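Trainee: Build the 3D model from these lines:
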Amino acid sequence: MSRPREFETGEVLQRAMMAFWRRGYRGTGMQELVNSTGVNRASLYGAFGNKQKLFLSALKRYTDICLGRLRASLESVPGPITGIRRMLDDFIAETVEIQRGCLLYNTALEVASSDEEIRSQVEIGLKRIELLLDGHLQRAQKDGSIDPSVDSMLLTRVIMAAMQSIAMRGSTGAAPEVMESIRDGALLVFRPSSGQ
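Mentor: Sure thing, here's the model as predicted:
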């Protein structure tokens, strides 16, 4: 009969996610994960398999959290363009506060090219964010807030490129004004439909 786990998986994943976010995948050793989670090595291996599997689970958790925050920002104000601006404002505020960039983008740069499973998880995470933003923009096109003749995915990827740039500049300690100018540049792609 196996012993019941003496820890809450969600809390352990949250702590592991923060450790990976601080130091990166390669920079976070198993002892760091033991120290950060408060769970011994054997129990971590028993619950998650190995460091890579733990990281993949933590990356999925990070993506879920990000999607929740992005969705909440988009829906917190009336008007789709105002929602995009609020989302970018909130993203800037978080980036300024934490100065760690985005775990998805960081991972894409650090290890995605050398680890197929991690690359796949990063791509899934980015695709989920794309689908959230694209759905928001398609609804804006239907109500005439955004020119319906412009490819919504093109607009989505402009916004995501701005977020990547904000995350990267924020992780280097750039002034908020720098990130705000990136936001303002990205918002230039939106224009009212010709009927307005």
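Trainee: rest of the way, CA atoms for contacts and neighbours
Mentor: OK.
Trainee: And Leu188, how far from Leu155?
Mentor: 10 Å (C-alpha to C-alpha, to the nearest Å).
Trainee: Which of those two has more residues huddled nearby?
Mentor: Between Leu188 and Leu155, Leu155 has the larger neighbour count (other C-alpha atoms under 10 Å), namely 18 against 8.
Trainee: In space, what's closest to that one - neighbours in sequence excluded?
Mentor: Val189 (7.0 Å; C-alpha to C-alpha, 6 or more residues apart in numbering).
Trainee: Look up the closest residue to Ser76, ignoring the ones flanking it.
Mentor: Nearest-residue entry for Ser76: Gly83, 6.9 Å, with adjacent residues in sequence omitted and distances by C-alpha to C-alpha, 6+ apart.
Trainee: Next secondary structure after the host helix or strand of that neighbour?
Mentor: Assigned by DSSP states H and E, Gly83 falls within helix 80-98. Scanning forward in sequence from helix 80-98 by DSSP H and E, the next helix or strand is helix 103-110.
Trainee: Same question for the next helix or strand after that following helix: list its buried residues.
Mentor: Following helix 103-110 in sequence order, the next helix or strand is helix 116-142 (DSSP H and E). Residues of helix 116-142 classed as buried: 118-119, 121-122, 125-126, 129-130, 132-134, 136-138, 140-141 (neighbour count, 16 or more other C-alpha atoms under 10 Å).
Trainee: Just name whatever secondary elements helix 116-142 is in contact with.
Mentor: Judged by 3 or more C-alpha pairs under 8 Å, 6 or more residues apart in numbering; DSSP states H and E, the packing partners of helix 116-142 are helix 51-74, helix 80-98, helix 103-110, helix 152-171.
Trainee: What average pLDDT does the second one get?
Mentor: Put plainly, it is helix 80-98. In this model, helix 80-98 has a mean pLDDT of 95.
Trainee: Same check on the last one?
Mentor: The average of the pLDDT scores along helix 152-171 is 95.
Trainee: got the CA positions of it in CSV?
Mentor: Only the C-alpha atoms of helix 152-171 are listed here, as CSV (Å, rounded to 0.1, in the frame of the first residue of the first chain):
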residue,chain,number,x,y,z
SER,A,152,-7.3,39.3,-37.0
MET,A,153,-4.3,36.9,-36.5
LEU,A,154,-2.0,39.5,-38.0
LEU,A,155,-3.2,42.0,-35.3
THR,A,156,-2.9,39.3,-32.7
ARG,A,157,0.7,38.6,-33.5
VAL,A,158,1.5,42.3,-33.4
ILE,A,159,0.1,42.5,-29.9
MET,A,160,2.0,39.3,-28.9
ALA,A,161,5.2,40.8,-30.4
ALA,A,162,4.7,43.9,-28.3
MET,A,163,4.2,41.7,-25.2
GLN,A,164,7.4,39.9,-25.9
SER,A,165,9.3,43.1,-26.3
ILE,A,166,7.8,44.5,-23.1
ALA,A,167,8.8,41.4,-21.2
MET,A,168,12.3,41.4,-22.6
ARG,A,169,12.9,45.1,-21.9
GLY,A,170,11.3,44.8,-18.5
SER,A,171,13.6,42.0,-17.5
